[in-house]
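need a 3D model of the following:
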Amino acid sequence: MIFDYIQNFLSKEDEDKIENIITCSSFPWFWFPTTAWDIDEPHQKSFFQHLAYKRDSTNSDLYYVLRDTFKLPEFDTHKLVRIKANLYIKHFDRGILKPHQDLNGDDGVTYIYYPETSDGPTRFYINDGITEVDPVKGDMIRFDSKIFHTSDVPREHERRSCINFVFGDLSK
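As a prediction, the model looks like this:
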């Protein structure tokens, strides 16, 4: 099982470049009413998403910036499934968002990168325990896509963002 926490993944210059792109007032975010597919689940929150790449389709120039900036080995060894940025706005409901797997149980590798420091940890459900990772600018998590995980909304900061890279089995 893969679970790696990598501090200061990018250079300070690249950290600032990525943060400036997604925090710019002209960056296009798209609103989604729920964070999980089961809209009847309690504690659903709306959020904003920017889909840069999904299943052989480039949806945004952000894809090229991220591909050039993040030198991830899986770009050469796996099939890229998705790259997206998520933005959560301050919320006071203490309910935890529904945990999920990124590839519905299929083999793969996921990265979560934090372009800005905020509150609202990412929770990973590993071996009957919960590992929490706080969103810290420049830090990244690499993990097995089969690991159940969930994000949380910020309660102290105005916003919480992350960038997800999901890679699947090259043979599929």
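
CA atoms for contacts and neighbours, from now on please.
OK.

buried set for the longest helix along the chain?
Determined from DSSP state H, the single longest helix within the chain is helix 12-23. By 16 or more other Cα atoms under 10 Å, the buried positions in helix 12-23 come out as 15, 18, 19, 22.

what do you get for stretch 124-143?
Buried-residue list, stretch 124-143, by 16+ other Cα under 10 Å: 124, 133, 134, 135, 136, 137, 138, 139, 140, 141, 142, 143.

surely the second one touches residue 123?
This means residue 133. Yes: contact status for residue 133 versus residue 123: in contact at 6.5 Å, counting by Cα atoms under 8 Å.

can you map out the helices along the chain?
Listed in chain order, the helices of the chain (DSSP H) span 12-23, 62-69, 74-77.

these: which one's closest to residue 56?
Nearest to residue 56, of all the helices of the chain, is helix 62-69, at 11.6 Å by Cα to Cα.

could you tell me how many residues sit around residue 67?
Using other Cα atoms under 10 Å, the number of residues around residue 67 comes to 12.

so which helix or strand of the protein has the lowest pLDDT on average?
The helix or strand of the chain with the poorest confidence is strand 30-32; it has a mean of 89 (mean pLDDT, DSSP states H and E).

please state the offset of that one from the chain centre?
A distance of 15 Å separates the centroid of the chain from that of strand 30-32, by Cα atoms, centre = their mean, to the nearest Å.

repeat for stretch 164-172
15 Å.

what residues sit buried inside that stretch?
Under the neighbour-count criterion of 16+ other Cα under 10 Å, stretch 164-172 has 164, 165, 166, 167, 168 buried.
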